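Visitor: here is my input; please provide its structure:
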Amino acid sequence: MEKRVVITGLGAITALGNTADATWARIRRGQHGFAEITKIDVSDLKVKIGAQVREFEFHDKRAGRRMDLFSQYGVTATAEAMAMAGLKSGENIDADRLSVYVGSGIGGIATLEKEIRKSEEYGLRKVSPVLVPMIIGNMLAGQIAIANRAKGSALDIVTACSCGTNAIGEAWRAIRHGYADAIIAGGSEAPFAPTCFAGFVNMTAMSLSTDPDRASIPFDKERDGFVMGEGSAILILESLDFALARGAKILAEVVGYGSTNDAFHITQPSETGEGAAQAMRMAIDAAGLEPGDISYINAHGTSTPLNDLFETRAIKMVFGDCAYDIPISSTKSMTGHMLGAAGAIEAMFCVKAINDGVVPPTVGCRVKDEELDLDYVTDGSRRAEVRYALSNSLGFGGHNATIILKRYED
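Guide: Modelled structure (predicted):
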């Protein structure tokens, strides 16, 4: 018998705040986290605006010296989520039944770049002996598992900008079929490294705006690219039976998941939107819903000319006339694009929207694009009853992932 899967904990590190509640408070107010980039020298680059985490200090300085920032963010967000869930390995959950499913698109890129520069200046003998365990992407899952004594499966999912959503979706499947009682799921990213950042800039995928208020403007006719973000978001998923047995507070239920690939291009989404549409259909079917049941869509909404157009086409393909009745927003208009952590933070916002009865806005969208004619919630947060929230993530390599969250009901 398939198990119901619920969410009991949330944790976040973002440009808007270093906790889930602090981040959500600014999202509700429609405040973005964009400013001039200070973490790296961008004087030779055309892109000047980013969404950087501020005033972050890892709790364990000794351990932190052996961890790239992406792992530090993930471990910190997990601690918050586990505390909210009231979950502790060896006390109220068997360590073998606690798993970790997380994702990072580029792992410890900042450490890699730093050590390469060191080797060029001082020679190969000066390369750090902990270089490899700091940069490999699976160390996010490994460090989180070690910090929380999670002895079940520890998987790092690498599907670019779809990592977080895929991690939550695959965790849902694992719990649903009895492979774990609880799973730490989400993503983390720390991409402000000179060469990595320059690669994104030179790809012409990022906004050239020097005005923070007009940099990430999803669905706006003048959109010209995304704003780089960073941070982590972690959700605690549990089987309903396990959560109820230990008296956990249930925040929402995961009811649907779909995952596809465009099989089209390494960076450009399919212009028909068919791959994204199929992921949404799969999630809706898995949830046993009809398209008209969806109360809110958190769009991938990157603010690139192609993504926003093709995602809108995909939504229309799936929802038909209902598409015009569903509030849609892109919270990347405030967090920036957190890459492998994007889907996780956006899932968190869906949980918050369900619990608070508030649809977050798409900030900065002012100039109407004729083909983008859906309800993108551009006039501030909106009061609404959110029973089912759908979240999309679309990644380089053609990855598409969709999850559906539901207001918890007995």
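
Visitor: what's the neighbour count on residue 94?
Guide: 13 (other Cβ atoms under 10 Å). For every residue, glycine as well, the C-beta is placed using N, CA and C.

Visitor: please apply the same query to the one 3 residues further on.
Guide: Residues contacting residue 97 under the criterion other Cβ under 10 Å number 19.

Visitor: same check on residue 324?
Guide: 12.

Visitor: list the residues that contact it.
Guide: When contacts are counted by Cβ atoms under 8 Å, 6 or more residues apart in numbering, residue 324 touches 373-375.

Visitor: among these, which ones are buried?
Guide: 374-375 (16 or more other Cβ atoms under 10 Å).

Visitor: now render the contacts of residue 324 as TSV, adding distance to residue 143.
Guide: Below are the contacts of residue 324 laid out as TSV (distance: Cβ to Cβ, whole Å):
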residue	distance to residue 143
373	45
374	40
375	41
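
Visitor: with secondary structure, distance to residue 52 and pLDDT added, can I get the contacts of residue 324 in TSV?
Guide: Formatted as TSV, those follow (DSSP: H, G, I helix; E, B strand; the rest coil; distance: Cβ to Cβ, whole Å; pLDDT from 0 to 100):
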residue	secondary structure	distance to residue 52	pLDDT
373	coil	34	97
374	coil	31	98
375	coil	31	98
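
Visitor: and which of the contacts of residue 324 is nearest to residue 125?
Guide: residue 374 (58.1 Å; Cβ to Cβ).

Visitor: touching, that closest one and residue 327? I think so.
Guide: No. Residue 374 lies out of contact with residue 327 (Cβ atoms under 8 Å); the separation is 9.0 Å.

Visitor: okay, now the domains of the protein?
Guide: 5-245, 256-406 (automatic domain parsing).

Visitor: ok, the residue lying closest to residue 200 once chain neighbours are set aside - contacts?
Guide: Leaving aside its sequence neighbours, residue 200 sits nearest to residue 206 (Cβ to Cβ, 6 or more residues apart in numbering; 5.5 Å). Residue 206 makes contact with 47, 200, 225-228, according to Cβ under 8 Å, 6+ apart.

Visitor: please name the bridge partners of residue 206.
Guide: When bridges are called by DSSP bridges, residue 206 pairs up with residue 226.

Visitor: let me see the ranges of the helices in the stretch 51-200 of the chain.
Guide: Secondary structure of the stretch 51-200 of the chain (DSSP state H, counting those that start in this stretch): helices at 61-64, 69-85, 109-122, 131-135, 139-148, 163-176, 194-202.

Visitor: for these, which one sits closest to residue 25?
Guide: Nearest to residue 25, of those and by Cβ to Cβ, is helix 69-85 at 14.7 Å.

Visitor: okay, the angle between that closest one and helix 109-122?
Guide: 150 degrees (axes from the mean of the first three to the mean of the last three Cα atoms, to 10 degrees).

Visitor: buried set for helix 69-85?
Guide: Burial within helix 69-85, assessed by neighbour count using 16+ other Cβ under 10 Å, is assigned to 69-82, 84-85.

Visitor: just the C-alphas of that helix, formatted as PDB.
Guide: The C-alpha trace of helix 69-85 is given here as PDB (Å, rounded to 0.1, in the frame of the first residue of the first chain):
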ATOM      1  CA  LEU A  69      30.200  27.100   1.200                       C
ATOM      2  CA  PHE A  70      27.500  25.100  -0.600                       C
ATOM      3  CA  SER A  71      27.800  22.400   2.000                       C
ATOM      4  CA  GLN A  72      27.800  24.900   4.800                       C
ATOM      5  CA  TYR A  73      24.600  26.400   3.500                       C
ATOM      6  CA  GLY A  74      23.000  23.000   3.200                       C
ATOM      7  CA  VAL A  75      24.000  21.800   6.600                       C
ATOM      8  CA  THR A  76      22.800  25.000   8.200                       C
ATOM      9  CA  ALA A  77      19.400  25.000   6.400                       C
ATOM     10  CA  THR A  78      19.000  21.300   7.400                       C
ATOM     11  CA  ALA A  79      19.600  22.100  11.100                       C
ATOM     12  CA  GLU A  80      16.700  24.600  11.000                       C
ATOM     13  CA  ALA A  81      14.400  22.200   9.200                       C
ATOM     14  CA  MET A  82      15.200  19.300  11.500                       C
ATOM     15  CA  ALA A  83      14.600  21.500  14.600                       C
ATOM     16  CA  MET A  84      11.200  22.600  13.100                       C
ATOM     17  CA  ALA A  85      10.300  19.000  12.500                       C
END
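
Visitor: centre of the chain to it, how far?
Guide: Relative to its chain's centre, helix 69-85 lies at 14 Å (Cα atoms, centre = their mean, to the nearest Å).

Visitor: returning to that earlier point: tell me how far the residue nearest to residue 200 lies from residue 267.
Guide: Residue 206 sits 12 Å away from residue 267, taking Cβ to Cβ, to the nearest Å as the criterion.

Visitor: how many neighbours does residue 182 have?
Guide: Residue 182 has 31 neighbours, counted by other Cβ under 10 Å.

Visitor: same check, this time on residue 91
Guide: By other Cβ under 10 Å, the residues close to residue 91 number 10.

Visitor: and if you look at residue 177?
Guide: Residue 177, neighbours per other Cβ under 10 Å, totals 11.

Visitor: now the closest residue to it other than its chain neighbours: phi and psi?
Guide: Leaving aside its chain neighbours, residue 177 sits nearest to residue 2 (6.7 Å; criterion: Cβ to Cβ, 6+ apart). Main-chain dihedrals, residue 2, degrees, to the nearest 10: phi -70, psi 140.

Visitor: between the contacts of residue 324, which is closest to residue 399?
Guide: Closest to residue 399, out of all of the contacts of residue 324 and judged by Cβ to Cβ, is residue 374, at 23.1 Å.

Visitor: list the contacts for that closest one?
Guide: With Cβ under 8 Å, 6+ apart, residue 374 has these contacts: 312, 315-316, 323-324, 326, 328.
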